[in-house]
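In: Pasted the sequence and its predicted model underneath.
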Amino acid sequence: MNHRTNRRMVTAAMMVAILLVAIDVTVVSTAMPTIVSDLSGINLLSWVFAIYTLTTSVTTPIYGKLADLYGRKTIFSIGVVLFLLGSILSGASQTMMQLIWFRALQGIGAGAVMPITFTIIGDLFSGEERAKMQGLFSSVWGIAGILGPLVGGFFVDYGSWRWIFYINVPIGIISLVLVWFNLHESFERRSHKVDFLGAALFTVSISSLLYALLNGGKPNFAWTSVNILGLFAITVVGLILFVVVELKAKEPMLPLTLFKMRIIAVSNVASFLASAVLIASNVYLPMWIQSILGHSATSSGLTLMPMSIGWPIAATIGGRLMYKVGSKSISVLGGILIVAGCVWLSFVGLHTPYWYLVVIMVVIGLGMGFSMTPFTVLIQASVPWRLRGSATASNTFMRSLGQTMGVAIYGTWFNNAVTQHVKTQFASGQPPKNFSKLLTPGAAIDHVPKEVLTAVHTVLSQSLHTVFVVVMATSVITLLSILFLPLHKTVMQHQVTE
């Protein structure tokens, strides 16, 4: 970075950018039950999350490469502008399908924000400073965890859910202004070739997989039907071709050689699994709070707040201690806490006290903060400047992919569980005509017989319980993957000299 760069102001700009993305996560999660009620189409709920994380996943490594080729500032700005455009259009959506398409555009922009933000911080700071900055930036998630539910809940309960998207505009503009006036970078412009073929193959493959997972088991899409089997075949062939293209591409979308490094491979796998756990908390806990316990959107959002507070606290402590007690020790501690929280979550029931969920979110949040913080620091320490953008993007890519696959798999599990439990709770084997409405918070239920409402809540709680059990299994695998991290001293001895 050039000596004219104002590190303090650029850091502030990056914190605002992280706030932009972090608030979007908590606000949308708490508002989705109300959005579904307004726009209809509860069967499309998973797509609102999945399409966003999919486009984020696909574009993240591309932005990482472009940032190495054209500079951080230009590519970062393009991403923010696309994110803001997607936010405006999402707020104006009139149908669920429109919202899904505009969320896709939002995700395309978000693909630049996260990886380039951490890449710029990696350029501005080095060594132990970088670890401390990771803790500082994680604290922004805590602020977002407080503001998101409060602001989002206020808009949903007292105004319009559309403002949860419009609020992104002023925040994004502030970040852009700070970056353009304070970040001055110098880099070597090189001949380049963007791997659009690889990106296209990956998009087709994962989109086919998502469509199969989210629609499999429905009347027209039996798991053994030609349609579903064909989609799985497209996924397998597409991923094989993707690997072939990446190995031969001069400027691959995702440099597979990075995964030959143990620290990067293990960190990315662990990030993938932990992110799947994270998305389950963001998507399904608000449903439990609003639809089963009958709380408002604000109360639902506030349930996620403890995780948003615990995460930055653990990240700050972990960032300071990882150079003293070892990065692996910190990550393992985080993995243990994630497992503990998920085990507790798997035991919740219809009569579980509200405060149980609060404590569970604190434990999971602490686990996320301790486990995830060392990953970015160690990955950036393992590669030279010219690869730092791609290496950082690979980790962000795996986090986004983990959320994408998580929401698809958990969504499939949830939908199948609902179908099975409906058969046991209703004598006819069919749910009442207004079943979807009864799952939506705020629905008029005065005219509904108590036994019917009880049956609906039982179906929902049992279905969510099955999801929480799968999430617990995912957390255990996450911990096992963290155990394969190399020791702290080994990583630091091989740290690249810049």
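Out: Everything's here; your move.
In: check which helix or strand covers residue 161.
Out: Per DSSP states H and E, residue 161 falls between elements, in no helix or strand.
In: and it, what does it touch?
Out: Residue 161 makes contact with 31, 34-35, 38, 155, according to Cβ atoms under 8 Å, 6 or more residues apart in numbering. All C-beta atoms are positioned from the backbone trio N, CA, C, and that covers glycine.
In: which ones among the residues you listed are found in helices?
Out: Among these, the ones falling in helices (DSSP state H) are 31, 34-35, 38, 155.
In: How about residues contacting stretch 79-88?
Out: Around stretch 79-88, the neighbours that count as contacts under Cβ under 8 Å, 6+ apart are 17, 20-21, 24, 63, 102-113, 116, 165-166, 168-169, 172-173, 175-176.
In: actually stretch 475-490, sorry about that
Out: Against stretch 475-490 from outside (Cβ under 8 Å, 6+ apart): 262-263, 266-267, 269-270, 273-274, 277, 322-323, 325-329, 331-332, 334-336, 338-339, 341-343, 371.
In: re the thing from before, buried only: go through the contacts of stretch 79-88 for me.
Out: Buried members of the contacts of stretch 79-88, counted by 16 or more other Cβ atoms under 10 Å: 17, 20-21, 24, 63, 102-113, 116, 165-166, 168-169, 172, 175-176.
In: Buried ones in the host helix or strand of residue 82, by neighbour count?
Out: Using DSSP H and E, residue 82 falls within helix 72-91. Using 16+ other Cβ under 10 Å as the test for burial, helix 72-91 gives 72-80, 82-91.
In: Output it as CSV, nothing but the C-alphas.
Out: What follows is helix 72-91, C-alpha atoms only, in CSV (Å, rounded to 0.1, in the frame of the first residue of the first chain):
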residue,chain,number,x,y,z
ARG,A,72,-8.6,-3.6,-4.2
LYS,A,73,-10.4,-0.2,-4.3
THR,A,74,-11.9,-0.5,-7.8
ILE,A,75,-13.2,-4.1,-7.4
PHE,A,76,-14.5,-3.4,-3.8
SER,A,77,-16.4,-0.4,-5.1
ILE,A,78,-18.0,-2.3,-7.9
GLY,A,79,-19.2,-4.9,-5.4
VAL,A,80,-20.7,-2.4,-3.1
VAL,A,81,-22.6,-0.7,-5.9
LEU,A,82,-24.1,-4.0,-7.1
PHE,A,83,-25.0,-4.9,-3.5
LEU,A,84,-26.8,-1.6,-3.0
LEU,A,85,-28.6,-1.9,-6.4
GLY,A,86,-29.8,-5.4,-5.3
SER,A,87,-30.9,-4.0,-2.0
ILE,A,88,-33.0,-1.3,-3.6
LEU,A,89,-34.7,-3.8,-6.0
SER,A,90,-35.2,-6.4,-3.2
GLY,A,91,-37.0,-3.8,-1.2
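In: Which SSE is immediately downstream of it?
Out: Assignment by DSSP H and E places the next element after helix 72-91 at helix 96-124.
In: what angle separates that next one from helix 72-91?
Out: 160 degrees (axes from the mean of the first three to the mean of the last three Cα atoms, to 10 degrees).
In: Buried residues in the host helix or strand of residue 239, which are they?
Out: Using DSSP H and E, residue 239 sits within helix 226-248. Across helix 226-248, burial judged by 16+ other Cβ under 10 Å covers 228, 231-232, 234-235, 238-239, 241-242, 245-246.
In: And for residue 205, nearest residue in space, chain neighbours not counted?
Out: Spatial nearest neighbour of residue 205, chain neighbours left out: residue 238 (3.2 Å); criterion: Cβ to Cβ, 6 or more residues apart in numbering.
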